[in-house]
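In: sequence-free structure coming up:
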């Protein structure tokens, strides 16, 4: 655990900022689990939970504002491109649209906890010409709740996560291979779902 803690103390804030920002703008990186690990590693270290929360919230908001601007300029075409980047089925775009019609700007809060929709909702808000003030208010609240939940899980279950991380560190290459395989399977499943979605859409149009 000493190596992981030293690594976190040196690069933790940068890793959290980069992972949250990248995932928010499309590619499905596991920023939530990373935030949980960060919450477990802040104990007795120079990086505070508040600094991790602030960095994650700022990164999330920067991504949301960028997507909102893109959606306002390019409309729903931007959402189609985001589906490809996030390896998300095209059906997610239609579902997000229907949810926005039902819930309005409140979707920006709920979307934080729905895979795929989290990335599409800000662009949809821009395409629907939601006012910037409402967008910022609801997005800020959603980002705060998302950050607090994942970081809080790490803080509450710190001892269990520490033991799991220690096991990973002791396992060395074996653990790295297992984790890499799990990530590969995750991306393959997402790619397969998107591929089937594109095929179904093409068949429906023909």
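Out: Looks like it arrived, so ask away. None of these values were measured; they are calculated from a predicted model.
In: remind me which residues of this protein are low pLDDT?
Out: Flagging of the chain using pLDDT under 70 yields the residue ranges 1-5, 28, 43-45, 78, 80-94, 164-206.
In: check which helix or strand the closest residue to residue 46 other than its chain neighbours maps to.
Out: Leaving out its chain neighbours, the residue that sits closest to residue 46 by C-beta to C-beta, 6 or more residues apart in numbering is residue 9, at 5.8 Å. Just so you know, the C-beta spots here come from the backbone N, C-alpha and C atoms, and that holds for glycine as well. Using DSSP states H and E, residue 9 sits within helix 2-24.
In: do the same with residue 130
Out: Per DSSP H and E, there is no helix or strand for residue 130.
In: any idea how far it is from residue 8?
Out: Note on residue 130: its distance to residue 8, by C-beta to C-beta, to the nearest Å, is 37 Å.
In: likewise residue 118?
Out: Distance, residue 118 to residue 8, by C-beta to C-beta: 25 Å.
In: ok, those two, which is more surrounded?
Out: The residue with more neighbours, out of residue 118 and residue 8, is residue 118; 25 against 21, by other C-beta atoms under 10 Å.
In: my guess is the more buried one contacts residue 112. True?
Out: Yes - when contacts are counted by C-beta atoms under 8 Å, residue 118 is listed as touching residue 112 (5.6 Å).
In: what packs against the helix holding residue 9?
Out: With contacts defined as 3 or more C-beta pairs under 8 Å, 6 or more residues apart in numbering; DSSP states H and E, helix 2-24 has these neighbours: helix 31-41, helix 49-74, helix 117-127, helix 158-171.
In: just want the angle from it to helix 31-41.
Out: 150 degrees (axes from the mean of the first three to the mean of the last three C-alpha atoms, to 10 degrees).
In: and the contacts of helix 2-24?
Out: Outside helix 2-24, the residues that touch it by C-beta atoms under 8 Å, 6 or more residues apart in numbering are 29-31, 34-35, 38, 41, 45-47, 51-52, 55-56, 58-60, 62-64, 67, 118-119, 165, 169.
In: check stretch 138-155 too.
Out: Contact with stretch 138-155 is made by 32-33, 35-42, 49, 52-53, 56-57, 60-61, 64-65, 68, 105-106, 108-113, 122, 161, as judged by C-beta under 8 Å, 6+ apart.
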